[in-house]
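1. Next one to model:
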Amino acid sequence: MRKQKLLAVIFFFSLIAEDETVLAYYKEMWTPARLMTWFTDFLPIKVQVFELACVALLIASRRRNRSSVARPLVRAIYISMTVLLFSVLYGLAQGGQLKPINTQVHVWLFTLVFALTTMSVMNKPEDFNLMNSAIVWAALWRACMAVCFYLKVRGRPWDQLPSYMTTHEDTVLFVVGLLILATRCIEFRTKRAVRMLILGAPLILFAIQVNNRRLAWASLAAGLVVIYFMLPSKSKVTRRLNKALKMLAPLLILYVAIGWGRPEKMFKPLAAFSAMSGEQADNSTRARDNENLSLITMIRDRPILGTGLGREWVELDASFTVSADVFPMYHYSPHNTVLALVAFCGGLGFAGLWMVLPISVYLNSRTYRKSMNPVEKTVAIIGIIEVVAYLNQAWGDMAAMNNTHMLPAVILGAGLASAARLSVNSGAWPSVSKSRDPRNIAKPGIA
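-> Below you'll find the model as predicted:
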């Protein structure tokens, strides 16, 4: 149990550690989390202390309960690492540069390493529930910091207000933390779970509002849809939820009808969807569209193997470009890292890289359907939500190629590990030992 608690603690510290490169309030508001800056700072060898600690835990636990993990997901992780190495070598052979490869590779590679570490250290549903608790408390902490900073700066002139209160990556933390509280309330049905949701949800929702990230509302909506469709159709919770939705439907329709396209703060969630649908396009949206179109053109030209890593993406319209003085890695790490990986690695390489995601979703969904343990069910459905939130962030804001903050990577890694462990623990997937048991092998001549 010591290793489990140690991993949960360093996981929590990695989520709240503050860095001047990613926090809007770093130079204006001191918090105790500043003391953990060293933990996620990069050493001269381009590795964080946190990453070294995870690798040490992985080595110390590498032989532990190997038979109790879903082997398809473990194999997919090793395949992803192999494809990553191939794309690096292929890109260098095509004239790619060595320096930007760390930016393009580091985050996804550590996602896989952290998944292996977590599945090596954590065994039971309660262990993964501990990881989810770390996410919740980190989300509440960062939400408090966002609200405090907002109260500090809200009296400034409009042109002097920060565009966000914490970080872009806190989008994943806020959404996953909030949905953990909601899922626990649904599955545990305890007074404590209800109190935590009542107290925590308003704080996190207000932090999402003032942090001003459109992706947060899209991720939250997608996560709620996942929870709704995963619930058993004939359960009491589903019946109550359907009844509540029928009552709220007229109000929701009225809210959308009045607020669609309006700039007021209370309609900001709708503004997020209208902007992403092409309406109210600002320069930021146009720049993203230019990036996406450029990457799609690269994919069309090299659909199978891509250009290889270490190469630049080529802009079709340079009017939205960012100079190397401002962002040296701009032409190596576009905002849409999903399309970027397809462009750099090709369709074949991308399939090998990201097959871990659908496999983990499949295993977690089987766990949720099979298990009768509310802790196990909660962890399983959150594992799916972590993939959804990560994909949304990777599509819109560099989650797969952003070395400045590893928050989305470690949250996704925890979800991958839960799929590998709990699918076997719940009986949703056979363990290696059971599949190789002679009693489970059909004898000749026996149907």
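2. make it CA atoms for all contacts and neighbour counts henceforth
-> Will do.
3. what about the stretch 251-400 of the chain, any weak spots by pLDDT?
-> Low-confidence segments of the stretch 251-400 of the chain (pLDDT under 70): 261, 263-265, 268, 271-283.
4. For it, which segments count as helices?
-> Taking DSSP state H, counting those that start in this stretch to define them, one finds helices in the stretch 251-400 of the chain at 268-276, 283-301, 337-354, 356-370, 374-396.
5. Show me what the longest helix along the chain is packed against.
-> As assigned by DSSP state H, the longest helix anywhere in the chain is helix 125-153. In terms of contacts (3 or more CA pairs under 8 Å, 6 or more residues apart in numbering; DSSP states H and E), helix 125-153 is packed against helix 2-16, helix 170-188, helix 191-211, helix 374-396, helix 407-425.
6. what sits against the nearest residue in space to L197 that is not next to it in sequence?
-> Once flanking residues are discounted, L197 sits nearest to L181: 5.3 Å by CA to CA, 6 or more residues apart in numbering. L181 makes contact with V136, A193, M196, L197, G200, A201, according to CA atoms under 8 Å, 6 or more residues apart in numbering.
7. swap in S426?
-> Contacts of S426 by CA under 8 Å, 6+ apart are T367, K370, S371, E376.
8. got it, and L203?
-> L140, A143, C144.
9. Out of the residues you listed, which end up buried?
-> L140, A143, C144 (16 or more other CA atoms under 10 Å).
10. for those residues, which one is nearest H331?
-> A143 (32.4 Å; CA to CA).
11. Show me the residue sitting in the middle of the protein in space.
-> Y390 (2.9 Å; CA atoms, centre = their mean).
12. From D170, how far off is that residue?
-> From Y390 across to D170, the span is 11 Å (CA to CA, to the nearest Å).
13. Likewise for S323?
-> With CA to CA as the criterion, S323 and D170 are 26 Å apart.
14. of these two, who's got more company?
-> A direct count of neighbours by other CA atoms under 10 Å for S323 and D170 places D170 higher, at 26 against 11.
15. dump the residue contacts of the more buried one.
-> Counting by CA under 8 Å, 6+ apart, D170 touches A139, R142, L407.
16. just to revisit the earlier point, got the angle between the longest helix of the chain and helix 407-425?
-> Angle, helix 125-153 to helix 407-425, by axes from the mean of the first three to the mean of the last three CA atoms, to 10 degrees: 160 degrees.
17. Tell me who's in contact with the closest residue to K3 other than its chain neighbours.
-> Spatial nearest neighbour of K3, excluding adjacent residues (CA to CA, 6+ apart): V121 at 6.4 Å. Applying CA under 8 Å, 6+ apart, we find V121 in contact with K3, Q4, L7, L57, L58, S61, R64.
18. And for S233?
-> Counting by CA under 8 Å, 6+ apart, S233 has contacts R239.
19. Now it: phi and psi?
-> Phi and psi for S233, reported as degrees, to the nearest 10, are phi -60, psi -30.
20. if we can go back for a sec, next, the residue nearest to K3: phi, psi?
-> Note on V121: backbone dihedrals following degrees, to the nearest 10 are phi -90, psi -40.
21. okay, the residue nearest to L197: pLDDT?
-> pLDDT for L181: 97.
22. F206 versus that one, what's the distance?
-> Distance, L181 to F206, by CA to CA: 16 Å.
23. ok, and the most crowded of the contacts of L181?
-> When neighbours are counted by other CA under 10 Å, V136 leads the contacts of L181 with 25 neighbours.
24. Tell me if I'm right that that residue and L178 touch.
-> Yes: at 7.2 Å, V136 counts as touching L178 under the criterion of CA atoms under 8 Å.
25. What about the nearest residue to A380 once chain neighbours are set aside, how many residues nearby?
-> In space, A380 comes closest to N364 once its chain neighbours are excluded; the distance is 4.8 Å by CA to CA, 6+ apart. Neighbourhood size, N364 [other CA under 10 Å]: 30.
26. same question, the one 4 residues further on
-> By other CA under 10 Å, the residues close to Y368 number 25.
27. any idea how far L231 is from the residue lying closest to it once chain neighbours are set aside?
-> In space, and not counting its chain neighbours, Y368 is closest to K377: 4.7 Å by CA to CA, 6+ apart. When CA to CA is the yardstick, K377 and L231 sit 10 Å from each other.
28. which one of the two has more residues nearby?
-> For K377 versus L231, the count of surrounding residues by other CA under 10 Å is larger for K377: 26 against 17.
29. The more buried one reaches T367, doesn't it?
-> Yes: using CA under 8 Å, K377 makes contact with T367 at a distance of 6.9 Å.
30. Using PDB, write down the CA coordinates of stretch 131-151.
-> This file holds the C-alpha atoms of stretch 131-151, laid out as PDB (Å, rounded to 0.1, in the frame of the first residue of the first chain):
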ATOM      1  CA  MET A 131      -6.000   8.400  -8.100                       C
ATOM      2  CA  ASN A 132      -9.400   9.900  -8.900                       C
ATOM      3  CA  SER A 133      -9.500  11.500  -5.400                       C
ATOM      4  CA  ALA A 134      -6.100  13.100  -6.300                       C
ATOM      5  CA  ILE A 135      -7.700  14.500  -9.500                       C
ATOM      6  CA  VAL A 136     -10.700  15.900  -7.500                       C
ATOM      7  CA  TRP A 137      -8.600  17.600  -4.900                       C
ATOM      8  CA  ALA A 138      -6.300  19.000  -7.500                       C
ATOM      9  CA  ALA A 139      -9.200  20.300  -9.500                       C
ATOM     10  CA  LEU A 140     -10.700  22.000  -6.400                       C
ATOM     11  CA  TRP A 141      -7.300  23.500  -5.500                       C
ATOM     12  CA  ARG A 142      -6.700  24.900  -8.900                       C
ATOM     13  CA  ALA A 143     -10.300  26.100  -9.100                       C
ATOM     14  CA  CYS A 144      -9.800  28.000  -5.800                       C
ATOM     15  CA  MET A 145      -6.700  29.600  -7.300                       C
ATOM     16  CA  ALA A 146      -8.500  30.600 -10.500                       C
ATOM     17  CA  VAL A 147     -11.300  32.200  -8.500                       C
ATOM     18  CA  CYS A 148      -8.900  34.000  -6.100                       C
ATOM     19  CA  PHE A 149      -7.000  35.400  -9.100                       C
ATOM     20  CA  TYR A 150     -10.200  36.500 -10.800                       C
ATOM     21  CA  LEU A 151     -11.300  38.400  -7.700                       C
END
